[in-house]
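> with the input below, show me the fold.
(4 chains)
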Protein chains: 4
Amino acid sequence: MDTFEKEFEVRDYELDIQGIVNNAVYNNYFEHTRHAFLKSCGLNFSQMHDEGLDAVVIKMETEYKAPLQSGHHFVCTLKAEPEGRLKIVFFQEILKLPERKLMTKSRVTVACVKNNRPVEPVEIREKMGLSL
Amino acid sequence: MDTFEKEFEVRDYELDIQGIVNNAVYNNYFEHTRHAFLKSCGLNFSQMHDEGLDAVVIKMETEYKAPLQSGHHFVCTLKAEPEGRLKIVFFQEILKLPERKLMTKSRVTVACVKNNRPVEPVEIREKMGLSL
Amino acid sequence: MDTFEKEFEVRDYELDIQGIVNNAVYNNYFEHTRHAFLKSCGLNFSQMHDEGLDAVVIKMETEYKAPLQSGHHFVCTLKAEPEGRLKIVFFQEILKLPERKLMTKSRVTVACVKNNRPVEPVEIREKMGLSL
Amino acid sequence: MDTFEKEFEVRDYELDIQGIVNNAVYNNYFEHTRHAFLKSCGLNFSQMHDEGLDAVVIKMETEYKAPLQSGHHFVCTLKAEPEGRLKIVFFQEILKLPERKLMTKSRVTVACVKNNRPVEPVEIREKMGLSL
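Numbers count the residues shown, from 1 in each chain, chains lettered A, B, ... in the order given. Below you'll find the model as predicted:
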């Protein structure tokens, strides 16, 4: 798959007392980008939930390399890969514009749950164009 | 050092459409526990910032094992260890009460910055009772 | 009814770049206090939603008198009154401890919705001990 | 002045368990729009703070008319007016696209503080093109 990208700008309420984007907010950026990617594949997170299928994050490994600050524009990127039959891994980066400087990167592992039980994301994988 | 603990309850605005605490919110729990720990050591995050010394998270490795839901009470635990001269690692867990079931765990690496340059957290390490 | 109270402490991630609690966060404090009050009346916001009954805020009038800052402890108070057949009004205040200094006050109007239609909150009013 | 507008889309982490945008999040939308407006006038919230001048919200009167949901696109509008010598009032609306349906409106009163004392926002008023 090609790398998916979504553009953002820092909002001042996302800054903390240090004048930098709080580390929890990056999870928000990463999630919004994943959901936008789902949508671009014809999948809808909110609708999936209504149909009883929940994609849940089970692991995040995040490196904060340089802090986003007030006024910064950036893209959040995403590349997906299957991990075994049950998981999908998203490699995500936050690149400050215009120079595309790497600010933060994360490896996000997601599993799917239907009626509280693990389920193989066959249709999701297909729509994302991923093969085992 | 002994394990430090802070008690919390889930607040409904922390839940997302799936009815579980959003993954970003755990970063908030972990952070608030670290700052409470700092305070218990005679350190003050907000005051440190005013004096030009910022502790910043440079890495988080988080495993989400079971989701917190509406009404849950839990403790967030913390154990600190130095990593080399420049970093401190916090091992943090979220344990649902009353059974202390492990819900989430994180390994949080923090570095200190003074006037935008890395600085050895000598006084912080001392006040935390950590030795190299 | 007696005034209901819930105790809080400021968490540093709730501060913004000005070093004060961001105005949106007070809505969180007010909501969490309302939900705790519901619970004390034998009502459960999350369960109500699962049963198709949603209490939704339709108006908030908030005065910010003095800003909460890092380390502050406070109570959030609540008094409920019916407004006509369809609405309940919550008078809420945030009082900094220990001196109970008024920091913020809000008048929050809530309506109930079942299957997307307004519904008279008869049982809720009863459990809250409110009479028309 | 003309009405200022900023376009947004709902992010799923902004939804609560009811599947609608949590009422606190509207304050975030309103704030981000005010700061974007400041920027369009040659003012910078973050820089103003560094120079000791803080614009603080002292009152918000918000009506929630219809809830934003997953996938919604909307604009947040703003019109500013001075109120006496010391305050500026922002009339803000959230209009769902494409039909520009009114979802939420707020009247936000802001005062300026320098070194913790009220100060007349003369320069700010000028840059915003407001006259008494």
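> quick check: mean pLDDT across the longest strand seen in chain A?
Of all the segments of type strand in chain A, defined by DSSP state E, the longest one is strand A:101-114. Averaging pLDDT along strand A:101-114 gives 96.
> does it reach chain D?
No: Strand A:101-114 stays clear of chain D (C-beta under 8 Å from any C-beta of the partner chain), getting no nearer than 13.8 Å. Backbone N, C-alpha and C define where each C-beta goes, glycine included.
> let me see the mean pLDDT of the helix or strand just after that strand.
Downstream of strand A:101-114, the first helix or strand assigned by DSSP states H and E is strand A:117-118. For strand A:117-118, mean pLDDT is 90.
> buried residues in the helix or strand that strand A:117-118 is followed by?
The helix or strand immediately downstream of strand A:117-118 is helix A:122-127, counting by DSSP H and E. Residues of helix A:122-127 classed as buried: A:I124, A:R125 (neighbour count, 16 or more other C-beta atoms under 10 Å in any protein chain shown).
> repeat for stretch A:2-14
A:F4, A:K6, A:F8, A:V10, A:R11, A:D12, A:Y13, A:E14.
> for those, give me CSV that also has distance to chain C and pLDDT.
Below are the buried residues of stretch A:2-14 laid out as CSV (distance: C-beta to the nearest C-beta, whole Å; pLDDT from 0 to 100):
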residue, distance to chain C, pLDDT
A:F4, 29, 98
A:K6, 23, 98
A:F8, 18, 98
A:V10, 11, 98
A:R11, 11, 97
A:D12, 6, 96
A:Y13, 5, 96
A:E14, 9, 97
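> can you redo these as a markdown table with secondary structure and distance to A:L97?
Shown next, in a markdown table, are those (DSSP: H, G, I helix; E, B strand; the rest coil; distance: C-beta to C-beta, whole Å):
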| residue | secondary structure | distance to A:L97 |
| --- | --- | --- |
| A:F4 | strand | 16 |
| A:K6 | strand | 12 |
| A:F8 | strand | 9 |
| A:V10 | coil | 11 |
| A:R11 | coil | 15 |
| A:D12 | helix | 18 |
| A:Y13 | helix | 20 |
| A:E14 | helix | 16 |
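> so which residues on chain A come close to chain D?
So chain A meets chain D at A:11-13, A:15, A:19, A:28, A:31-32, A:35, A:39, A:44-46, A:69-71 (C-beta under 8 Å from any C-beta).
> show me where chain A has helices.
A:23-40, A:45-50, A:122-127 (DSSP state H).
> how about the residues of chain A by chain B?
Checking chain A against chain B by C-beta under 8 Å from any C-beta, the hits are A:17-18, A:20, A:22-25, A:27-28, A:31, A:45-46, A:49, A:54, A:56-65, A:67.
> return the members of those residues classed as buried.
A:17-18, A:20, A:22-25, A:27-28, A:31, A:45-46, A:49, A:54, A:57-60, A:62-64, A:67.
> in this structure A:K127 contacts A:S40, no?
No: taking contacts as C-beta atoms under 8 Å, A:K127 lies outside contact range of A:S40: 9.8 Å.
> the helix or strand bottoming out on mean pLDDT in chain A close to chain C?
Ranked by mean pLDDT, DSSP states H and E, the weakest helix or strand in chain A is helix A:45-50, scoring a mean of 86. No: counting by C-beta under 8 Å from any C-beta, chain C has no neighbours in helix A:45-50; the shortest distance is 13.2 Å.
> could I get that helix in CSV with only the CA atoms?
Taking C-alpha atoms only, helix A:45-50 is exported to CSV below (Å, rounded to 0.1, in the frame of the first residue of the first chain):
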residue,chain,number,x,y,z
PHE,A,45,-15.3,3.2,12.7
SER,A,46,-18.5,4.5,14.2
GLN,A,47,-20.7,2.2,12.0
MET,A,48,-18.5,-0.8,12.6
HIS,A,49,-19.1,-0.2,16.3
ASP,A,50,-22.9,-0.1,15.8
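> so what touches that helix?
Contacts of helix A:45-50 with the rest of the structure, by C-beta atoms under 8 Å, 6 or more residues apart in numbering or on different chains, involve A:35, A:38-39, A:54-55, B:17-18, D:12, D:15, D:19, D:69-71.
> the most far-flung residue of chain A relative to its centre: what's its closest spatial neighbour, skipping adjacent residues?
What lies farthest from the middle of chain A is A:I17; by C-alpha atoms, centre = their mean that is 25.5 Å. Nearest non-adjacent residue to A:I17, counting by C-beta to C-beta, 6 or more residues apart in numbering or on different chains: C:L15, 4.6 Å away.
> so what's the residue count around A:H32?
19 (other C-beta atoms under 10 Å in any protein chain shown).
> so how far is B:D12 from it?
Going from A:H32 to B:D12 by C-beta to C-beta, to the nearest Å gives 21 Å.
> same question for A:H73.
Distance from A:H73 to B:D12, by C-beta to C-beta: 33 Å.
> my guess is A:H73 contacts A:R11. True?
No: counting by C-beta under 8 Å, A:H73 stays clear of A:R11, with 11.5 Å between them.
> A:E81 pairs with what?
Beta bridges link A:E81 to A:V89, judged by DSSP bridges.
> which residues sit in contact with it?
A:I88, A:V89, A:F91, A:L130.
> in PyMOL, select just the buried ones from the residues you listed.
Buried residues within those, by 16+ other C-beta under 10 Å, are selected in PyMOL with:
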select buried, chain A and resi 88+89
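> mind putting the contacts of A:E81 into CSV with pLDDT and distance to C:K79?
Listed next are the contacts of A:E81 as CSV, based on pLDDT from 0 to 100; distance: C-beta to C-beta, whole Å:
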residue, pLDDT, distance to C:K79
A:I88, 96, 49
A:V89, 97, 51
A:F91, 98, 51
A:L130, 94, 55
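> the contacts of A:E81: which two are farthest apart?
A:F91 and A:L130 (12.7 Å; C-beta to C-beta).
> shared neighbours, those two?
A:A80, A:E81.
> and chain A, which of its residues are near chain C?
A:D12, A:Y13, A:L15, A:D16, A:I17, A:G19, A:N22, A:A24, A:S70.
> farthest pair in those residues?
Most distant of the residues of chain A next to chain C, by C-beta to C-beta, are A:A24 and A:S70, 17.2 Å apart.
> quick revisit: from the residues of chain A next to chain D, which two are the most distant?
Top of the distance list for these (C-beta to C-beta): A:G19 and A:N44, 36.3 Å.
> buried residues, stretch A:92-106. List them.
A:Q92, A:E93, A:I94, A:L95, A:K96, A:M103, A:T104, A:K105, A:S106.
> tell me who's in contact with the closest residue to A:E83 other than its chain neighbours.
Closest residue to A:E83 apart from its sequence neighbours, by C-beta to C-beta, 6+ apart: A:V89 at 4.8 Å. With C-beta under 8 Å, 6+ apart as the criterion, the residues that contact A:V89 are A:A80, A:E81, A:P82, A:E83, A:R107, A:V108, A:T109, A:V110.
> repeat that for 6 Å
Listed by C-beta atoms under 6 Å, 6 or more residues apart in numbering or on different chains, the contact partners of A:V89 are A:E81, A:E83, A:T109.
> before we move on, the earlier item: looking at the helices of chain A, which is nearest to C:V122?
Per C-beta to C-beta, nearest to C:V122 of these: helix A:45-50, 28.7 Å.
> right, and A:L97 touches A:G71 too?
No: contact between A:L97 and A:G71 fails when scored by C-beta atoms under 6 Å: they sit 11.1 Å apart.
> closest to D:V122 out of the contacts of A:E81?
Scanning the contacts of A:E81 for proximity to D:V122, where the rule is C-beta to C-beta, the winner is A:F91, at 50.8 Å.
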